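Visitor: quick one, fold the following:
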Amino acid sequence: MLKQYFRMFTMIFVIVLGMTLGAGLFAGVVVAPTIFHSEALLGSALLTRFQEGLLMTQIFERLAYLVNFLVIIAVLYEVIKFKAFENTRWTMLFTFLVAASGLLFTSYYIPQILEMQALGEAATIGEAFENVHKGSELNFKLFAFSTLGLLILTLRKVLR
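Guide: Sure, this is the predicted structure:
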């Protein structure tokens, strides 16, 4: 009976891993270039770069709920696997990377960018904002890579 529940939890975990990875990649690969190059689609610039940034921040702020949900499920899943002596070093590493980079994204980078945007357009033009933005991009790439690695390892184990 307990094994059946864990199997269901594993299915949910795999789905959430895939959803989060897909949503993050879609936001970064499709949505961001569309928003930041809207003048190419519309023929003229309707929004300033600052306004486009506000839109993207809203998208990533909403994505943060899914990221936090994944972090909770990933840690819980790994703890259960650890207690059953069924985890590996690699799954522990990727779970740590997913949790660390996910929480860094949702608890540091998004609030930092929101704070800078609240100060106005001038606060988003300088080197400080550029550094925070670049850091968030690198961190999210690490998050996506770690999520993919954890998804592959989990699927490999499930499909045996």
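
Visitor: how about residue 17: what's its closest non-neighbour residue?
Guide: residue 151 (4.3 Å; C-beta to C-beta, 6 or more residues apart in numbering). Where C-beta positions appear, they are placed from N, C-alpha and C, glycine not excepted.

Visitor: any idea how far that neighbour is from residue 13?
Guide: 9 Å (C-beta to C-beta, to the nearest Å).

Visitor: do the same with residue 94
Guide: Distance from residue 94 to residue 13, by C-beta to C-beta: 13 Å.

Visitor: which residues touch residue 23?
Guide: Applying C-beta atoms under 8 Å, 6 or more residues apart in numbering, we find residue 23 in contact with 63, 66.

Visitor: sorry, back to before: residue 151 and residue 13: who's more crowded?
Guide: Neighbour count, other C-beta atoms under 10 Å: between residue 151 and residue 13, residue 13 has more, with 22 against 19.

Visitor: give the buried residues for the one helix or strand residue 19 maps to.
Guide: Assigned by DSSP states H and E, residue 19 belongs to helix 2-26. Neighbour-count burial for helix 2-26, counted by 16 or more other C-beta atoms under 10 Å, picks out 6, 10, 13-14, 16-17, 20-21, 23-24.

Visitor: rounded mean pLDDT for that helix, please.
Guide: Averaging pLDDT along helix 2-26 yields 94.

Visitor: buried sites along the helix or strand containing residue 131?
Guide: Residue 131 is part of helix 127-158, with elements assigned from DSSP H and E. The neighbour-count check on helix 127-158 (16+ other C-beta under 10 Å) flags 129, 132-133, 136, 139-140, 142-144, 146-151, 153-154 as buried.

Visitor: let's see the pLDDT reported for the residue nearest to residue 17.
Guide: 97.

Visitor: how much space between it and residue 20?
Guide: Residue 151 is 9 Å from residue 20, by C-beta to C-beta.

Visitor: rewinding a little: wait, what's in contact with the residue nearest to residue 17?
Guide: Contacts for residue 151 were tallied using C-beta under 8 Å, 6+ apart; they are 14, 17-18, 21.

Visitor: so residue 116 sits against residue 124, correct?
Guide: Yes: assessed by C-beta atoms under 8 Å, residue 116 is found in contact with residue 124 at 5.7 Å.
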